[in-house]
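[1] any chance you can model this:
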Amino acid sequence: MKFAAVVNYAPLKDSVEIRELDCPAIGPDDVLLEVANVGVCGSDLHQWTADHSWPVNYPVVLGHEFTGRIAELGGNVDDWRVGDRVVSETAAIIDQRNPMSRRGLYNLDPTRKGFGYGVDGAMTKYVRVPSRILHLIPDSLPYKHACLTEPCCVAYNAVVKNSRIEPGDRIVVLGPGTIGILCAAMARLCGAEVAMVGLESDRQRLEIAKQYGCEAIIGDPSPWARTRDGLGCDGVIDAAGVSMTLKLAIDIVRPAGWISKVGWGPQPFGFSVDPLVQKNVTLQGSFSHNWPIWERVIALLANGLLDVEPIIGGVWPITEWREAFETMHRGDVVKSVLQPV
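    Predicted coordinates:
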């Protein structure tokens, strides 16, 4: 039997279509996951518009933010049961001998390949998943919320693990996309005052950021950043998809402050980073996530401390992927969610 899948088939703009694919075969250490919901990520949009900066194994089924139930177990899998409700991490292929993997930082393994670009992802009915990257979710956590565990983990890593927020800090977040808004929400959970910064075209998304207790700023955040003593904000989370925002981050952060860079921007900088040195600012990159982060985020979602409902703009059948992509690409919604048919 064949199932509908959203496939990115070439490195050209709009090279995405629905194809009918067979149910994937699983290996002895895998499970077959019946997908309940899958979130549309900005990286899915970038592959659709062909302005991404990472290698893709064409043709590939898109989708790496997903959840569902276990439909089948591989022969070596004895710690899961058919019917378990789970979410999956994105590190589909890693080298477990790599020094980073041995430290538990397999997200930084240079040979890592993820769903939706390196191997087939979850914008379809069934996906093959290594059992090592599964996490159990409680019955009380709706699938449409659980599928956003992955971007929440990106935010957790950028804000909690790779920053040094203290209660009462003033934090500026640049870029009101999914990751930016979730980073702002995480910073609020850490006790910070947060300003979310965007453009005039981001006005609708900034309204959603307000629901997380953030100050919404269109344009220059400098006055807000310097309100306390004129020196700048304590930290900046750069979640924008362009390189130039780093210049603004360096300008508004206080001496001895920090910048957590989580947004991808392939463009060259074109400016001096001397002020970073002069101000003694810490610049920290943040990429992906690992096992303990997923367990923490699932707990936050399950106990209601982190509510992702405000960012969900709608749930579309997979066959209506184009509408879901276009709606999110236009900025009409923060996050589109797909459902297999």
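[2] how about the residue of the chain positioned farthest from its centre, what does it touch?
    Farthest-out residue of the chain from its mean C-alpha position, per CA atoms, centre = their mean: D229, at 33.8 Å. When the contact criterion is CB atoms under 8 Å, 6 or more residues apart in numbering, D229 has no partners at all. No exception for glycine: its C-beta is placed from N, CA and C like everyone else's.
[3] quickly note the distance from it to F325.
    Between D229 and F325 the computed distance is 45 Å (CB to CB, to the nearest Å).
[4] I figured A71 was touching L32, is that so?
    Yes: proximity of A71 to L32 meets the contact threshold set by CB atoms under 8 Å, at 4.8 Å.
[5] between the two, what contacts are shared?
    Here A71 and L32 have Y126 as joint contacts, going by CB under 8 Å, 6+ apart.
[6] contacts only, for the nearest residue to A249 once chain neighbours are set aside.
    What sits nearest to A249 in space, not counting adjacent residues and going by CB to CB, 6 or more residues apart in numbering, is V236, at 4.1 Å. When contacts are counted by CB under 8 Å, 6+ apart, V236 touches 171-174, 249, 252-253, 257-260.
[7] please redo it, this time with the cut-off set to 10 Å
    V236 is in contact with 163, 171-174, 195, 197, 221, 225, 245-246, 248-254, 257-261, 281, 283, counting by CB atoms under 10 Å, 6 or more residues apart in numbering.
[8] which of the residues you listed fall within helices?
    225, 245-246, 248-252 (DSSP state H).
[9] reformat the residues you listed as JSON lines; add pLDDT and distance to L300.
    Listed next are the ones in helices among the contacts of V236 as JSON lines, based on pLDDT from 0 to 100; distance: CB to CB, whole Å:
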{"residue": "A225", "pLDDT": "98", "distance to L300": "27"}
{"residue": "T245", "pLDDT": "94", "distance to L300": "27"}
{"residue": "L246", "pLDDT": "94", "distance to L300": "29"}
{"residue": "L248", "pLDDT": "96", "distance to L300": "29"}
{"residue": "A249", "pLDDT": "97", "distance to L300": "26"}
{"residue": "I250", "pLDDT": "97", "distance to L300": "31"}
{"residue": "D251", "pLDDT": "97", "distance to L300": "32"}
{"residue": "I252", "pLDDT": "98", "distance to L300": "28"}
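[10] check which helix or strand covers the residue farthest from the centre of the chain.
    Assessed by DSSP states H and E, D229 sits outside every helix and strand.
[11] for it, grab phi and psi.
    phi -140, psi 10 (degrees, to the nearest 10).
[12] do you know how far it is from I217?
    Using CB to CB, D229 is found at 19 Å from I217.
[13] likewise I171?
    I171 is 12 Å from I217, where distance means CB to CB.
[14] of the two, give the one with the bigger neighbour count.
    With neighbours defined as other CB atoms under 10 Å, I171 and I217 compare such that I171 has more, 29 against 21.
[15] so that one is in contact with S260, correct?
    Yes: with contact defined as CB atoms under 10 Å, I171 counts as touching S260 (9.4 Å).
[16] common neighbours of the two, please.
    Overlap of the contact sets of I171 and S260 (by CB under 10 Å, 6+ apart) consists of 159, 163, 165, 183, 187, 235-237.
[17] G313: which of those residues is nearest?
    Nearest to G313, judged by CB to CB, of the shared contacts of I171 and S260 is C183 at 18.5 Å.
[18] could you check which helix or strand contains that closest one?
    Under the criterion of DSSP H and E, C183 resides in helix 178-189.
[19] with A299 instead?
    Applying DSSP H and E, one finds A299 within helix 291-302.
[20] after that helix comes which helix or strand?
    strand 312-317.
[21] helices or strands up against that following strand?
    The contact analysis (3 or more CB pairs under 10 Å, 6 or more residues apart in numbering; DSSP states H and E) places strand 312-317 against strand 30-39, helix 143-146, helix 203-210, helix 321-329, strand 335-339.
[22] give me the contacts around the shortest one.
    Outside helix 143-146, the residues within contact range by CB under 10 Å, 6+ apart are 35-39, 65-69, 85-87, 135, 137-138, 152, 298, 301-302, 306-309, 312, 314-315, 335, 337, 339.
[23] local confidence estimate at the spatially closest residue to P317 that is not a sequence neighbour?
    Among residues not flanking P317 along the chain, V341 sits closest, at 4.9 Å (CB to CB, 6+ apart). Note on V341: pLDDT of 86.
[24] now the spatially most central residue of the chain, what's its secondary structure?
    Per CA atoms, centre = their mean, the C-alpha nearest to the average position across the chain is that of P151, at 2.8 Å. Assigned with DSSP: H, G, I helix; E, B strand; the rest coil, P151 falls in the helix class.
[25] shared neighbours of I171 and I217, anything?
    With CB under 10 Å, 6+ apart, I171 and I217 have common neighbours 195-196, 225.
[26] out of those residues, which is most surrounded?
    In terms of neighbours by other CB under 10 Å, the shared contacts of I171 and I217 top out with M196 at 31 neighbours.
[27] surely that residue meets I208?
    Yes: assessed by CB under 10 Å, M196 is found in contact with I208 at 9.1 Å.
[28] where do the contact lists of these two overlap?
    Residues touching both M196 and I208 (CB under 10 Å, 6+ apart) are 176, 181, 184, 202, 214, 216.
[29] A92: which of the helices and strands packed on strand 312-317 is closest?
    Nearest to A92 among the helices and strands packed on strand 312-317 is strand 30-39; the distance by CB to CB comes to 9.9 Å.
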